[in-house]
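1. sequence-free structure coming up:
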């Protein structure tokens, strides 16, 4: 049984302009110890999907349909108090985009970690202090970092400190939303190696959200390609990268510069759609060079191309 099952999830934002269908009929599974990458252009619904799994969708957004099953528990049916007590940070934890700026500037790093341990794990001050040192060492930081304030740390150190906070209650799943944003290339590599080691050593599942295709290729076992709130393609990372099936996935991969091939960089024409009034049927058809009449009339059905490779596109027979 998968650790996490997302079934036909819908998360909409109710604005003055209309209803923004940020996540629309999204389904996938996540097994224990697996790293899953979610990629796509800005505004495709990646972060909203993560917030939905954590059940922290900001207003005016809300989950309006579907299931988020953690084991046999449907998170969407739980109250805020139940999610806070049973799920959030204990079973599923998250490193937010720009997390280095989310640390409270007036408290030391150690105080911010021990606070979670004393309040949520019921540890004594001495126990929480020892656990804090262990967590800092786990993410490659010296125990003395606990005595420092956020402004005394570099960007990479702050990112690592926030991961230590996310691991405080030993979650089953860690969600990392654009974790390498604003980090230089060397620190990015160190940070990604840290995430790989944590997934391996802690037998933890990882959901990695990023627009950086090289990060996805390096880090994950499975990949989901999102476009305009829907899943365009999903499968094993190696399979999707070597044999991209959806025209959108193909366009993303062709836009990446390559050192060893003479092919000129290509890009996807047009702009992502307005999700208040998305295109009918296939949402990618206005930008797709393979678009057919059926693409403009009917929503594509997800087709199985291989044991672990699925695509939602009318180019492939049912």
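-> Yes, it's here. Bear in mind the structure is a predicted one, so any value in this text is a computation, not a measurement.
2. if I read this right, residue 205 contacts residue 172, doesn't it?
-> Yes - counting by CB atoms under 8 Å, residue 205 touches residue 172, with 6.3 Å between them. The C-beta positions use only the backbone N, C-alpha and C, and glycine is treated the same way.
3. where do the contact lists of the two overlap?
-> Taking CB atoms under 8 Å, 6 or more residues apart in numbering as the contact rule, residue 205 and residue 172 both touch 3, 32.
4. ok, the two, which is more surrounded?
-> residue 205 (23 against 20; other CB atoms under 10 Å).
5. beta partners for the closest residue to residue 243 other than its chain neighbours?
-> Spatial nearest neighbour of residue 243, chain neighbours left out: residue 309 (7.5 Å); criterion: CB to CB, 6 or more residues apart in numbering. Taking DSSP bridges, one obtains residue 235, residue 306 as the residues bridged to residue 309.
6. Could you shift the numbering so residue one becomes 636, and keep it that way?
-> Sure, I'll start numbering at 636, so the last one becomes residue 944.
7. give me every residue that touches residue 944.
-> So residue 944 contacts 869, 870, 871, 874, 875, 878, 880 (CB under 8 Å, 6+ apart).
8. So residue 827, which state does it fall into?
-> helix (DSSP: H, G, I helix; E, B strand; the rest coil).
9. so what's it up against?
-> Contacts of residue 827 by CB under 8 Å, 6+ apart are 815, 850, 853, 854.
10. Below-threshold pLDDT in the chain: ranges please.
-> 734-735, 817-818, 894-898 (pLDDT under 70).
11. The spatially closest residue to residue 741 that is not a sequence neighbour: what's it in contact with?
-> Spatially, and ignoring its direct neighbours in sequence, residue 741 is nearest to residue 784 (7.7 Å; CB to CB, 6+ apart). The contact partners of residue 784, taken as CB under 8 Å, 6+ apart, are 740, 741, 742, 743, 744.
12. at 10 Å instead, please
-> Taking CB atoms under 10 Å, 6 or more residues apart in numbering, we find residue 784 in contact with 738, 739, 740, 741, 742, 743, 744, 746, 747.
13. Now rank those residues by neighbours and give me the top one.
-> For the contacts of residue 784, neighbours tallied by other CB under 10 Å; top is residue 744, 28 neighbours.
14. how close does the residue of the chain most remote from its centre sit to residue 799?
-> Computed with CA atoms, centre = their mean, the maximum C-alpha offset from the centroid of the chain is found at residue 761, amounting to 34.4 Å. Distance, residue 761 to residue 799, by CB to CB, to the nearest Å: 18 Å.
15. same deal with residue 682?
-> 22 Å.
16. How about residue 672?
-> For residue 672, the distance to residue 799 - CB to CB - is 23 Å.
17. out of these two, which sits in the busier spot?
-> The neighbour comparison of residue 672 against residue 799 (other CB under 10 Å) goes to residue 672, with 25 against 22.
18. residue contacts, the more buried one?
-> Contacts of residue 672 by CB under 10 Å, 6+ apart are 811, 841-845, 847-848, 850-860, 872, 875.
19. Can you turn the buried part of these into a ChimeraX selection?
-> For the buried members of the contacts of residue 672, the matching ChimeraX selection, counting by 16 or more other CB atoms under 10 Å, is:
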select :811,841,842,843,844,845,847,848,850,851,852,854,855,856,857,858,859,860,872,875
